[in-house]
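Visitor: Fold the stuff below for me.
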Amino acid sequence: MRFAIYGTGGVGGYFGGRLAEAGEDVTFIARGKHLKAIQDEGLFISSPNGDIHLTETRATDDPTAIGEVDCVIVAVKAWQVIDAARAMRPLIGARTMVLPLENGVEAADQLAAELGDNHVLGGLCGIVAYREAPGHIRHAGVDPFIRLAERDNRASERTQNLRTVLSRATGINAEIPDDIQVAIWSKFLFICAMSGVGAITRAPIGETRSLDETRRLFIAVMEEICDVARASGVDMPDDAIERAMNFIEALPESSTASMQRDIMAGRPSELESQNGAVVRLGQKCGVDTPVNAVIHAALLPQERQARN
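Guide: Numbering: from 1, shown residues only. Sure thing, here's the model as predicted:
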């Protein structure tokens, strides 16, 4: 299968690298020093599932140089999705699938608005990974998984084929859930709480989950997200928060969310697509979200400074 990886950071670099390792036709879209390092020396991935060095890696910053592909995996930051959707049009043929692996809950709608509903799948992933250096991806935790499905949950040959291709790669657990919207919001539940609490405390997950005060803050953030999801028509299970907390408990103690790392480094972050989205979507469906509103407001000055 022919893939384009739009965004070659921790997520795109890892999953695209594993697909290339498995023999799939993969082209990475990157930029700057990261792109040059991949072009000159290949892509390195350090992982508990086995290190790899892809020496003959195709990478570019120009989607028009690639042409139409079978699947575009979208792994840019959530705030970059709309611009990425416009730029990836040369990759889109009549049968191209677009699989977003974003942290938020709005990416599929944003992609569909630009590219058409028929191209866009529902998707999410789980992994702790980051770009350690130009051309080098570090997988630091979580057994990597991808969940994908048609956005209306209908069975389709194309999603079954894509799941099969993904599952053939070492270090990827690919599944089609019964309800992709529940799966997306369930991931959003823990990543938004982990991102927001981590960003305001500047502490890794091992510290925040061990303190009663910040542990209660996790749960308060999640309760508001569940309320917004249900008001938006998503059938969140009764044990959604318990499952999310179990996932948080299983993370390595030093784990941090990408939004937290970006804010701490003074870079633009996914604040508006995470805690900001909870506030915005809550207002849209008439659900109060005071805890997420405080987190969003507390981090907003730093976000604006980074973007300026």
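Visitor: where along the stretch 151-300 of the chain do the strands fall?
Guide: Secondary structure of the stretch 151-300 of the chain (DSSP state E, counting those that start in this stretch): strands at 173-175.
Visitor: residues touching the closest residue to Ala84 other than its chain neighbours, list them.
Guide: Once flanking residues are discounted, Ala84 sits nearest to Val76: 4.9 Å by CB to CB, 6 or more residues apart in numbering. Heads up, the C-betas are built off the backbone N, CA and C, glycines and all. Contacts for Val76 (CB atoms under 8 Å, 6 or more residues apart in numbering) come out as Tyr6, Gly7, Gly9, Gly12, Ala84, Glu102.
Visitor: contacting residues around the fifth one?
Guide: Okay, so that is Ala84. By CB under 8 Å, 6+ apart, Ala84 lies in contact with Tyr6, Gly7, Val74, Val76.
Visitor: Mind naming the longest strand for the chain?
Guide: In the chain, assigned by DSSP state E, the strand with the most residues is strand 136-149.
Visitor: which of the residues in that strand are buried?
Guide: 136-142, 144-149 (16 or more other CB atoms under 10 Å).
Visitor: Make a markdown table from those residues and add distance to Ile295 and pLDDT to it.
Guide: Converted to a markdown table, those look like this (distance: CB to CB, whole Å; pLDDT from 0 to 100):
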| residue | distance to Ile295 | pLDDT |
| --- | --- | --- |
| His136 | 32 | 98 |
| Ile137 | 29 | 97 |
| Arg138 | 27 | 96 |
| His139 | 28 | 95 |
| Ala140 | 24 | 90 |
| Gly141 | 23 | 83 |
| Val142 | 23 | 86 |
| Pro144 | 28 | 95 |
| Phe145 | 27 | 96 |
| Ile146 | 28 | 97 |
| Arg147 | 26 | 97 |
| Leu148 | 30 | 98 |
| Ala149 | 30 | 98 |
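Visitor: Quick one: those as TSV, columns for distance to Ala199 too.
Guide: Below are the buried residues of strand 136-149 laid out as TSV (distance: CB to CB, whole Å):
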residue	distance to Ala199
His136	25
Ile137	23
Arg138	21
His139	22
Ala140	18
Gly141	18
Val142	19
Pro144	24
Phe145	24
Ile146	26
Arg147	25
Leu148	28
Ala149	30
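Visitor: With respect to Asp62, which of the contacts of Val76 is nearest?
Guide: Tyr6 (12.1 Å; CB to CB).
Visitor: and the closest one, bridged to which residues?
Guide: Counting by DSSP bridges, Tyr6 is bridged to Ile29, Val74.
Visitor: I'm done for today, thanks for sticking with me.
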